[in-house]
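Participant: Can you look at this prediction? I've put the sequence above it.
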Amino acid sequence: MKHIFVLNSGSSSLKCSVYAFDHLPNKKHQPVWEKHFDWKKPPSQTTLKQSLIKTLKSLKFPIDVIGHRIVHGGAQYRESVVIDGPVKRKIKQLAELAPLHNLADLQGIELLEKLLPDVPQVAVFDTAFHHTLPDKAAFYAVPYGWTISGIRRFGFHGISFQYCSRRAPQILQQDIHKLVVCHLGSGASLCAIEQGRSIDTTMGFTPLEGLMMDTRSGSIDPGILLYLLQKKKRKGDFLSRELYHKSGLLGVSGFSSDMRDIEKKAALNHRRARLALDMYLHQLIRQLGSMIASLGGIDTLVFTAGIGENSSLIREKTCQAFQHLGLMLDPAKNVKPHPEDGIISSAHSKVNVLLIHTQEAFEIARECYSQTT
Ligand code: ADP
């Protein structure tokens with residue numbers, strides 16, 4: 001039996017779980033233990049250390065492997081790797097591309113190295129699943145020198161997309177050729193998956209591109225940035241703060257980044273809540289259309305993550321926009337609570353619509369098992 005400790009550290013939260021595998025599981029396993037820490041603001045090294053020491057002491061079993069979700073693996077990491085000095089240096093370098101995440105991940109790795117020096121650690125990258133993107137989808141139409149210097153679409157949420165693309169055929173009990181997964185959490189992106197391989201996705205060089213998100217803008221005209229930099233003399237730090245932390249649902253509504261609040265106030269006819277909801281849906285529908293076009297059709301659509309799993313309204317409005325493809329939700333199945341994964345399209349729908357509870361920690365644990373066995 002292998003006990004795998006999985007860490008998923010965000011800028012102000014840390015999710016820890018332990019999985020016990022005696023073989024590489026295909027079907028979902030529950031963790032044998034889990035704990036979530038939420039801090040009001042990014043925690044200090046000391047707070048993080050104390051929480052981890054306490055956590056490790058409370059465990060009743062020895063840890064054999066430690067797995068980390070690493071947001072940005074650049075072009076170099078096409079799959080998970082056992083962490084050593086050069087891997088740590090690369091993760092640090094890549095932090096300049098994913099400022100919200102990679103440094104927090106590195107802190108976690110270094111702390112665990114001190115606390116459990118003999119236990120191997122594995123980095124599981126959110127970008128790796130997208131290594132199959134063809135150049136035409138990965139490259140930007142910029143001077144080719146930029147592309148050579150490494151500016152390209154990486155895509156993110158790959159661990160969730162990989163899990164959903166393995167899980168969806170299990171639910172349907174058939175192979176899927178053209179699948180689109182909508183990962184709609186606080187960060188959000190879509191992935192077009194052909195025969196299990198990512199061929200297009202909405203996030204890009206950074207996790208800022210694509211859909212409108214909780215506090216992130218998603219795609220905007222790059223000319224806006226030039227205008228603000230050149231004509232309005234705004235500084236890069238200011239633009240970064242505004243685009244990552246003050247935009248999206250929060251920026252438009254002016255009061256919340258949480259879809260639950262937006263939906264509640266929109267139902268009461270709050271003008272900017274309605275605007276935020278309309279814009280969110282417009283962007284989602286437009287970009288979902290582009291994923292379907294990249295695939296040349298769709299046979300299965302998956303909703304996952306906080307909004308995808310819980311908002312029947314977002315699912316209903318999104319699916320309504322694709323009725324012309326013969327996609328039909330079953331209204332009763334869509335609105336009922338979904339503690340389990342399931343099919344929510346009607347029996348007559350030409351496209352299967354699934355609700356899947358994403359299991360990133362389980363997918364990381366699976367990767368750790370295969371990398372160290
Ligand atoms: P993270 O990216 O932080 O892991 P999650 O996948 O947990 O995010 O998604 C968090 C978001 O899910 C919240 O910000 C909230 O907007 C949304 N959410 C959670 N429950 C609901 C719900 N019942 N209805 C609408 N949105 C919800």
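Facilitator: Alright, I've got the coordinates. Residues are numbered from 1 along each chain as shown.
Participant: Please identify the residue of this protein positioned nearest to the ligand.
Facilitator: For the chain, the nearest residue to the ligand under the criterion C-beta to the nearest ligand atom is G306, separated by 2.0 Å. In short, each C-beta sits where N, CA and C put it, glycine included.
Participant: so how far is the helix or strand that contains that residue off the chain centroid?
Facilitator: Assigning secondary structure by DSSP states H and E places G306 in helix 305-310. Taking the mean of its C-alpha atoms, helix 305-310 sits 12 Å from the chain's own mean (C-alpha atoms, centre = their mean, to the nearest Å).
Participant: Now tell me what touches that helix from outside.
Facilitator: If you take C-beta atoms under 8 Å, 6 or more residues apart in numbering as the criterion, helix 305-310 is touched by 157, 160, 182-186, 188, 259, 302-303, 314-315, 338, 355-358.
Participant: Phi, psi for L355 please.
Facilitator: Dihedral pair for L355: phi -110, psi 120, per degrees, to the nearest 10.
Participant: Give me the distance between it and A128.
Facilitator: In this structure, L355 and A128 are 25 Å apart, going by C-beta to C-beta, to the nearest Å.
Participant: Of those two, which one has the most company?
Facilitator: Neighbours of L355 and A128, each counted by other C-beta atoms under 10 Å, are more numerous for A128; the result is 24 against 21.
Participant: Tell me if I'm right that that one and G74 touch.
Facilitator: No. Contact between A128 and G74 fails when scored by C-beta atoms under 8 Å: they sit 10.0 Å apart.
Participant: returning to what we had before: just the CA atoms of whichever helix or strand comes after the helix holding G306, as CSV, please.
Facilitator: Using DSSP H and E, the helix or strand that follows helix 305-310 in sequence is helix 312-320. Once non-C-alpha atoms are left out, helix 312-320 reads as follows in CSV (Å, rounded to 0.1, in the frame of the first residue of the first chain):
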residue,chain,number,x,y,z
SER,A,312,-28.0,25.0,-12.9
LEU,A,313,-28.7,28.5,-14.3
ILE,A,314,-25.3,28.8,-16.1
ARG,A,315,-25.6,25.3,-17.4
GLU,A,316,-29.2,25.9,-18.7
LYS,A,317,-28.4,29.2,-20.4
THR,A,318,-25.2,27.8,-21.9
CYS,A,319,-26.9,24.8,-23.3
GLN,A,320,-29.8,26.8,-24.6
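Participant: Contact partners for S189?
Facilitator: Residues in contact with S189, defined by C-beta under 8 Å, 6+ apart, are 155-157, 183, 201-203, 207, 210-211.
Participant: Skipping its backbone neighbours, what lies nearest it in space?
Facilitator: M203 (4.3 Å; C-beta to C-beta, 6 or more residues apart in numbering).
Participant: Can you list the neighbours in contact with the lowest-mean-pLDDT helix or strand in the chain?
Facilitator: Every helix and strand in the chain was compared by mean pLDDT, DSSP states H and E; the lowest is helix 45-58, with a mean of 80. Helix 45-58 is touched from outside by 14, 16, 35, 37, 39, 43, 63, 107-108, 111-112, 115-116, with contacts defined as C-beta under 8 Å, 6+ apart.
Participant: now those: which count as buried?
Facilitator: Among the contacts of helix 45-58, those scoring as buried are 14, 16, 37, 43, 63, 107-108, 111-112, 115-116 (criterion: 16 or more other C-beta atoms under 10 Å).
Participant: when you check the residues you listed against the helices, which ones overlap?
Facilitator: When DSSP state H is applied, those are split such that 107-108, 111-112, 115 fall in helices.
Participant: which of those residues come close to the ligand?
Facilitator: Taking C-beta under 6 Å from any ligand atom, there is no overlap between those and the neighbourhood of the ligand.
Participant: Could you dump those into a markdown table with pLDDT added?
Facilitator: Rendered in a markdown table, the data for those read as follows (pLDDT from 0 to 100):
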| residue | pLDDT |
| --- | --- |
| Q107 | 84 |
| G108 | 85 |
| L111 | 88 |
| L112 | 90 |
| L115 | 88 |
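Participant: Going by distance to Q173, which of these wins?
Facilitator: For Q173, the nearest member of those is G108. The distance, counting by C-beta to C-beta, is 38.1 Å.
Participant: Spatially nearest residue to the closest one, not counting backbone neighbours?
Facilitator: Leaving aside its sequence neighbours, G108 sits nearest to S9 (C-beta to C-beta, 6+ apart; 4.7 Å).
Participant: that older thread, what degree of burial does the residue nearest to S189 show, as a neighbour count?
Facilitator: There are 29 residues near M203, going by other C-beta under 10 Å.
Participant: just the contacts of helix 305-310 that are near the ligand?
Facilitator: Of the entries in those, the ones placed beside the ligand under the rule of C-beta under 6 Å from any ligand atom are 185-186, 259.
Participant: Please flag which of those sit within strands.
Facilitator: Counting by DSSP state E, none of the members of these fall within strands.
Participant: Among these, find me the one that's closest to R271.
Facilitator: M259 (17.3 Å).
Participant: what's the closest non-adjacent residue to the closest one?
Facilitator: Using C-beta to C-beta, 6+ apart and skipping residues adjacent in sequence, the residue nearest M259 is I307, 4.9 Å away.
Participant: Per-residue pLDDT of that neighbour, please?
Facilitator: Reading off the per-residue confidence, I307 sits at a pLDDT of 97.
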